[in-house]
Every structure is written in C-alpha cells, then in structure tokens.
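A.B. asks: sequence first, then the predicted structure, then my questions.
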Amino acid sequence: MAYPRLLNLSPETEEKLVAYLTQELYNHYSERDQRLQQILQWQKDYWAEPVKKRATFPFAGASTLIIPSTAIASEALHARFMTTLFSLDDIVSAKAKSDMWADAARPYEKYFNEYLRDDVKVYKFANNFLLEDIKFGNGIGKAGYVCIKKKSIRRVGDTEQEFDVTIKEGAALDTVSVGRFLMPYVAQDPQMAPWVGEEHTIGLYEMKIEEESGLFYPGTYERLLPWAINNTSGTMGQERQFEQNQQRLEKTEPIFPRLIDFQELWLGWELIEGEPPVEIQVFFHYPTRSLIAARYNDYSDLHRPYRTAQFFPLEHRWLGIGICKMNEQFQREITQIHRQRLDGGTLSNMGMLKVHKMSGYGPKEPIFPGKMWFLDDMSHIESFSLTDIQPSSYANENSTVIYSQQRTGVNEVTLGMPQVGTPGTATSDLARIQEGKAKYDFALRNVKECFTDLLTDVACIMQQYGSKDVRYYAYNGAEYIQQVLTLPEQFIRDGLIFNFAVNSQSQNKILDQQQAQQVAAFTQQYWVGMLQLAQESQNPEIIQQIMMKAAQSSTEVFRQLLESMDIKNIDRIILNLGQEGNAPRQSQLVSGPNQGSSGIIT
C-alpha cells in the first residue's frame, strides 16, 4: 500500500497556507533561539572537551581538564534504563481484556515482539530516545508508516526491463531530536497544539527516492535541486545547528554537503472557506516558501504521531529537566576546584632558588643531586616554592560532588562503586539501594508511559495497513494472530482486546527465581485443596474444570520459572494446552472492514 494520496490545493488555498506557515515558523524560530543555544551548550558540557589544549593563564601549562560529571551520570542512567527495558525477551506484554481473547494474547504478543525487534528495530530507537531524554530532559518519539521503493534494471533474455523493489513498507519508529522538534511554546500537548512538527535534512539521492515513492509532489526534486547546489555551507536557518555542533565536537563535519532542509508539520487548516478546519500533514520548504507535499491526516482517530516523555517534569510545562541542566553548575564548580588543586600542586612542586647577586653564581648554573655550593654567606642561596598545598580544596571538591549526586540521583551505589569512607552493613546498603531507586523508578515510569503509547500506535498501523510478514504465521496459534489482524484498528486503539504494557526487569534473576518457586508451592497447595473440595461434592463437571484450570495454572507458573532461568526451547519442555477451534471469531465482536490508514512519514 502506498502513501495516502496528495491533496490538490487551489492556488488561493495554497497561498494562504504558505503565508500562515511562513509567519508561524518565523515566530517560532525567534522564540526558540535561546532554548537551542542552551541545548548546544549542554552538548559541549557532555562532550567535556577543553577549549584550549595548553593554557597560558595563570601560568603556562596550567590545567585545562574538564571533569565530565554530566557524562558520568548520563551514561550510568542510560545503561540502567536500556538494561531494565530490554533485559527480557518480550519488550511489550499484551493482556487480554476478557477470557474470550485469553488464548489469543500469547500468540499475538509473541508475534508483536518479533515485529518490534526485527522490523521496527525498537532497540535502536530506544537507544537514541532514552539518551536525549536523560541528557536534555525530553524524549520525543514518532510512530508512522513508511514506504520506500527503489528502481533497477535487469536483463531478461535479450532485453532489459525496469523493475521496482520495496525496500521497506510498514510501521516505523523514529526519534525526533530535541533540536529539531517544532511546537509553539504556547502549546503544552502535541495533540492539541495549533501545529506541531519537526525539521528534516536529507541528501539529494534520498530526496529523489522519497519523491518516486510518493512522499512528495512530482517535480519537487527538480524544483529544489538548484537551491541545494547553491546552499552547501549549512549555515542557513536553525535546521542543522544541533547536528553541526555535534559534528564539530566529533571532528566529522562534512565539507560542502548538498542537503535539503524542510519541515514536516501537522495542523488543522480550513481547506474550503467557511468550512470547519480539517487535520492535514504538510511538508514545507521554508527557505523557498514552497509547499512540497500535503495530505489528509489519515489516522482513524486523527491523532498526531508525536509522543513526548519527561525525565523529570516541570509543573504545567511539557518541557522536562535532564541531567545536563541538573548538573550544569556543579560540573563547572567541580572542574574549577579540580583545576585549582592541580595547579596548586604543580606550583608547590616547582622548587626555585633565590641567589644573592654577590654569590658568584649565574642564571645558567647547573643543578644536580649531590652538588656542593661554596658560599661566602649561607644566606646567598635559598630555595623556596610559589605556593603551599591547601588541604581544604579536596574537601570543597568532594562536597560539590555530593551536591551533584543529590541532584542527579547518581552516586557510588548507582555506579556500582564501593562506598566512600567506613563501609556500612548489608542491611544499610540494601536500604540505600531501595531509597535510591525512587527517583530512578519515577523517571522510568515516565518513559514507559510514552513507550506504551508509541507501541500502541505501531500496533494500530499494523491493523490499518496490514502485515507484510507472513513468516510469522508459522507460529503456534497463527489462527489467533490472523483473527486479531483482521479486526478494525479501533479495537486496538480503544483497548477492547488487549492492554499493552512495556515490560521491564527491575530485579535480578535470582530474586525472580525465588519468587517463582514460592508461587509454585502456593499454587500446588491451592489446587490440591480445591480438588479435595470438588471430590467431596462428587460433581464431575466441577472436578473436570478444576483439573483443567490447575493444569493451565501450573504450566504457566512453570513457564515463568523457566524463563527466569533463561532456559531455551521452553515449549518443548512444558505441556502444550492449546486447544484448536477456540480462536475468537470476528462476529463475536463488531465486525467491519479493515479501515484504510495513514501514517506519518519518518
């Protein structure tokens, strides 16, 4: 299925739309300039590269070291977030809303997780999303539909034939850089904002491929090619500043790049004068004030694709606070005190000689161990140092580090380092770990809420556009997957079938194994007692129901125990209680045609 159709706007409507977008972007670029400069400075703080390789003040060779405390805290939290979210094989769980769909939950859940790992590449997405969320305070994700096609020529007999190959088609997850996300600051929610979008920068080849795939109006490539050739400096506007700043830090800035910058925007617009506004998606080339694509918002619920998460929230604001902001002043103070301590030690070790003018020794007098000095007066030559080492400097630096740890929540426990000072007891260490997890769990909960919304969007796109991966139908329970995929998208969006939740592993495997063993013992006692009561009733139906349910319950508990032990091929070990013919039929709910959909382009 190709992209939703492009709109044929009248000249008057297009002129009004272009004028509106031009004014809105001009105003937003003016109001976001200070915020962008702040993010650029945070990038430099994270990179922690000295401005000068060799200092000349207060003396030649003074310390230029920058203590990367922001990077230390950010990388520790990023590693913990990624490990927590992806420690389990299943990224997301699908819990059935009713017993009617209980048998379909596990097959669909397995299929959906395979799709997320292999096709959507959710791990790569989460890597970028979480790092920006931790560093800058906001993670911005986008779930959409992509359709990328390429052409080639192959020889068939004595003739050559042109053929198309679909490189990628289906749902996709993408991270929107905080430096490229566009939304007026008067708005608090991407879904209710006057408009929302992002900046794109692509090469000429990619622009050509996207146009042939149906993303842009025909002729867009030829129209923008002269602009791309004449604007190779990359200094126009704000589109590339965020990436250019990182490239300069990495020493990987390209020379004369031929790139095209444009904006993707989602907004409500009055296409027909006097009629209510309709939700549309537009691609706009701000430098030339030209509209390069426009189409309806084709989602069934007209939602916009952007979802945001906050590392630590600000009241009544969509922007959050990240590690770079939390640690901004502490990194500078730690660096300054550390430099002073190094410079003080350097100066205190610079032993010098005071020589009397009448002592007979000149400026080029050699100095070596065991040298004998013959003087007329013992005060003619005397050693001295420029400064003394101040013991308080280390205490001042250490106290600043503690303040930084209190603000960011990253300390020696989080980093897995031994406790400074007298080691505590095992009980006190456990209590410190539990208390230290409060802020971490709070930030992780914010991320999981956003991830759940994004993964639900991906599931809805699968429903709207259909699945192209028939290889997954080889699973046990393929009939259940097919039944779910034929349902309308609203059933997934409204949560009528499953409740999606992002899995996470907050405890270690040993604790999981102990918990599963305890549950297994309780389960056995429970079902033995229930069976005894049923036998006293002498009702064969009750006895049969209890035995079937006991077998299912025990099998599920044993499955979870084996999963906590990372046992492979679990289905070959446990009893398979799947029953054929129990797949829920579409007629059991409200049947209807599969709705066509849209997406957003990532």
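C.D. replies: Here it is on my side, so go on. Residues are numbered from 1 along each chain as shown.
A.B. asks: all helices of the stretch 351-500 of the chain, in order?
C.D. replies: 392-408, 412-415, 426-465, 478-485, 489-493 (DSSP state H, counting those that start in this stretch).
A.B. asks: nearest to Lys549, out of those?
C.D. replies: Checking these against Lys549 by CB to CB gives helix 478-485 as the closest, at 20.0 Å. No exception for glycine: its C-beta is placed from N, CA and C like everyone else's.
A.B. asks: counting by contacts, list what that closest one packs against.
C.D. replies: With contacts taken as 3 or more CB pairs under 8 Å, 6 or more residues apart in numbering; DSSP states H and E, helix 478-485 sits against helix 102-115.
A.B. asks: any buried residues in whichever helix or strand comes after the helix it packs on, and which?
C.D. replies: Remark: after helix 102-115, the chain's next helix or strand is helix 122-136, criterion DSSP states H and E. By neighbour count on 16 or more other CB atoms under 10 Å, the buried set for helix 122-136 is Val122, Phe125, Ala126, Phe129, Leu130, Leu131, Glu132, Asp133, Ile134, Lys135, Phe136.
A.B. asks: now the helices of the stretch 351-500 of the chain as a markdown table including mean neighbour count?
C.D. replies: As requested, the helices of the stretch 351-500 of the chain are exported to a markdown table (neighbours: other CB atoms under 10 Å):
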| stretch | mean neighbour count |
| --- | --- |
| helix 392-408 | 16 |
| helix 412-415 | 15 |
| helix 426-465 | 18 |
| helix 478-485 | 19 |
| helix 489-493 | 20 |
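A.B. asks: among these, which is nearest Leu6?
C.D. replies: Closest of the helices of the stretch 351-500 of the chain to Leu6 is helix 426-465, at 17.7 Å (criterion: CB to CB).
A.B. asks: which one of the helices of the stretch 351-500 of the chain lies closest to Leu533?
C.D. replies: With CB to CB as the measure, helix 478-485 is the member of the helices of the stretch 351-500 of the chain nearest Leu533 (33.4 Å).
A.B. asks: to the chain's geometric centre, what's the distance from the closest one?
C.D. replies: In this view, helix 478-485 has its centroid 31 Å away from the chain centroid, taken as CA atoms, centre = their mean, to the nearest Å.
A.B. asks: longest single strand anywhere in this structure?
C.D. replies: Secondary structure of the chain per DSSP state E: the longest strand is strand 138-156.
A.B. asks: sheet partners, orientation included, of it?
C.D. replies: Take DSSP bridges as the rule and strand 138-156 pairs in its sheet with strand 159-175 (antiparallel), strand 306-310 (antiparallel).
A.B. asks: the ones you listed: lowest mean pLDDT?
C.D. replies: Note on those: strand 159-175 shows the lowest mean pLDDT, a mean of 86.
A.B. asks: which other helices and strands contact the very next helix or strand once past that one?
C.D. replies: Later in the chain than strand 159-175, the nearest helix or strand by DSSP H and E is strand 181-182. Judged by 3+ CB pairs under 8 Å, 6+ apart, strand 181-182 is in contact with strand 195-203.
A.B. asks: give me the residues contacting the strand it packs on.
C.D. replies: Identification of contacts with strand 195-203 by CB atoms under 8 Å, 6 or more residues apart in numbering yields 21, 24, 142, 176-177, 180-184, 187, 190, 210, 238-240, 243, 257-267, 304, 306.
A.B. asks: again, only this time at 7 Å
C.D. replies: Applying CB atoms under 7 Å, 6 or more residues apart in numbering, the contact partners of strand 195-203 are 24, 176, 180-183, 190, 239-240, 258-267, 304, 306.
A.B. asks: what subset of these is buried?
C.D. replies: 24, 176, 180-183, 190, 239-240, 259-267, 304, 306.
A.B. asks: what about Ile67, how many residues close to it?
C.D. replies: Other residues lying near Ile67 total 22 when counted by other CB atoms under 10 Å.
A.B. asks: got a pLDDT number for it?
C.D. replies: pLDDT at Ile67 comes out at 94.
A.B. asks: my guess is it meets Ile334, correct?
C.D. replies: Yes - using CB atoms under 7 Å, Ile67 is in contact with Ile334, at 4.9 Å.
A.B. asks: if Asp174 is in a bridge, with which residues?
C.D. replies: On the basis of DSSP bridges, Asp174 is bridged to Lys142.
A.B. asks: distance of it from Ser10?
C.D. replies: 32 Å (CB to CB, to the nearest Å).
A.B. asks: these two - which one has more neighbours?
C.D. replies: Using other CB under 10 Å, the more surrounded residue of Asp174 and Ser10 is Asp174, with 22 against 11.
A.B. asks: that one reaches Lys142, doesn't it?
C.D. replies: Yes - using CB under 7 Å, Asp174 makes contact with Lys142 at a distance of 4.9 Å.
A.B. asks: now the longest strand of the chain, how far from the centre of its chain.
C.D. replies: 21 Å.
A.B. asks: nearest to Val557, of the buried residues of helix 122-136?
C.D. replies: Distances from Val557 to these, taken as CB to CB, are shortest for Val122 (28.5 Å).
A.B. asks: the closest one and Leu116 touch, don't they?
C.D. replies: Yes - Val122 is within contact range of Leu116, at 4.4 Å (criterion: CB under 7 Å).
A.B. asks: overlap in contacts of those two?
C.D. replies: Common neighbours of Val122 and Leu116 (criterion: CB under 7 Å, 6+ apart): Ile91.
A.B. asks: burial check on Val156, number of neighbours?
C.D. replies: With neighbours defined by other CB under 10 Å, the count for Val156 comes to 9.
A.B. asks: actually Glu211, sorry about that
C.D. replies: Around Glu211 there are 19 residues (other CB under 10 Å).
A.B. asks: what's the answer for Ala474, then?
C.D. replies: Ala474: 7 surrounding residues under other CB under 10 Å.
A.B. asks: kindly check the end-to-end length of stretch 350-357 for me.
C.D. replies: 22 Å (CA to CA, to the nearest Å).
A.B. asks: between the two ends of stretch 186-197, how far is it?
C.D. replies: End residues of stretch 186-197 are separated by 15 Å (CA to CA).
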